[in-house]
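structure, please.
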Amino acid sequence: MKFLPILIPCTESECDGMVNGAPVRVVSYDVVHMLIWDRSGFRAKYGDIPEDEEKWLRGFWHIIYAFRGGRNQEIKDAAIALAELANAPSPSEILKDPLHFVQEELNQRAGAASVVLWRSRSWAVLNAGIYCEGGMLDALYALMLFSIGAGSIGRVGSMRMRSCIMCGTTFDDVRGRRNTCSDKCRKRASRARAKTASA
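Now for the predicted structure:
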């Protein structure tokens, strides 16, 4: 399955490509799972996000996970936790229709993402991508949508979607060790590393 890469603004030194002349970085599709399961690893790699936003993301994840497993008590627990956040509805409002609540909230929060054409730093071709101008937080909400749509929330051995560092193609990295989508891109990355080391 091929997904569009998720792009966020970045500094020139860490960029993977350009959108309208501005440097962008490709965000791995497994970043939501990293936030949920390895918070310290997420912070080390991507920095902090506001605590309330992290709680919203975790709450959405827990509601979908519990709903898919038919665990009503976990849905109630997630609704109670979310209701404590600012501007959140009461638990009873969330529990009336938990899926509608998640759908409405995530659609609104991921609305800043837009489909764009971008150019990879290593390829002189244009590719489609999803640009999250607001940075990592917008990317997390967009990726939460993909995680729900791909069914990877609550799945044992969930997908580890990654974006190829050479061409931007998104691929399922089953073992969690690859940075490229194919042997061709792996060889191109190796040549680029060798060229950089010799310069």
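
what's the burial count for residue 104?
A count of neighbours around residue 104, defined by other C-beta atoms under 10 Å, yields 11. Any C-beta I mention is one placed from the backbone N, CA and C, and that applies to glycine too.

identify the residues contacting the residue nearest to residue 88 when sequence neighbours are not counted.
Nearest residue to residue 88 in three dimensions, chain neighbours excluded: residue 82, at 5.3 Å (C-beta to C-beta, 6 or more residues apart in numbering). Applying C-beta atoms under 8 Å, 6 or more residues apart in numbering to residue 82 gives the contacts 55-56, 59, 88, 91, 94.

so which of those is the closest to residue 12?
residue 56 (31.5 Å; C-beta to C-beta).

in PyMOL, select just the buried ones from the contacts of residue 82.
Provided next is the PyMOL selection string for whichever of the contacts of residue 82 are buried by 16 or more other C-beta atoms under 10 Å:
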select buried, resi 56+59+88+91+94
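
so what's the residue nearest the centre of the chain closest to, chain neighbours aside?
Central residue of the chain (C-alpha atoms, centre = their mean): residue 143, 3.4 Å from the mean position. Counting by C-beta to C-beta, 6+ apart, residue 143 lies nearest to residue 32, which is 4.8 Å off, once chain neighbours are set aside.

how many residues are close by that neighbour?
When neighbours are counted by other C-beta under 10 Å, residue 32 comes out with 29.

so which strand or helix has it?
helix 31-37 (DSSP states H and E).

please save the CA atoms from that helix in CSV.
Extracted C-alpha coordinates of helix 31-37, given in CSV (Å, rounded to 0.1, in the frame of the first residue of the first chain):
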residue,chain,number,x,y,z
VAL,A,31,5.5,8.6,14.9
VAL,A,32,2.0,8.3,16.4
HIS,A,33,2.9,4.8,17.7
MET,A,34,6.2,6.2,19.0
LEU,A,35,4.3,8.9,20.9
ILE,A,36,1.9,6.4,22.4
TRP,A,37,4.4,3.6,23.3
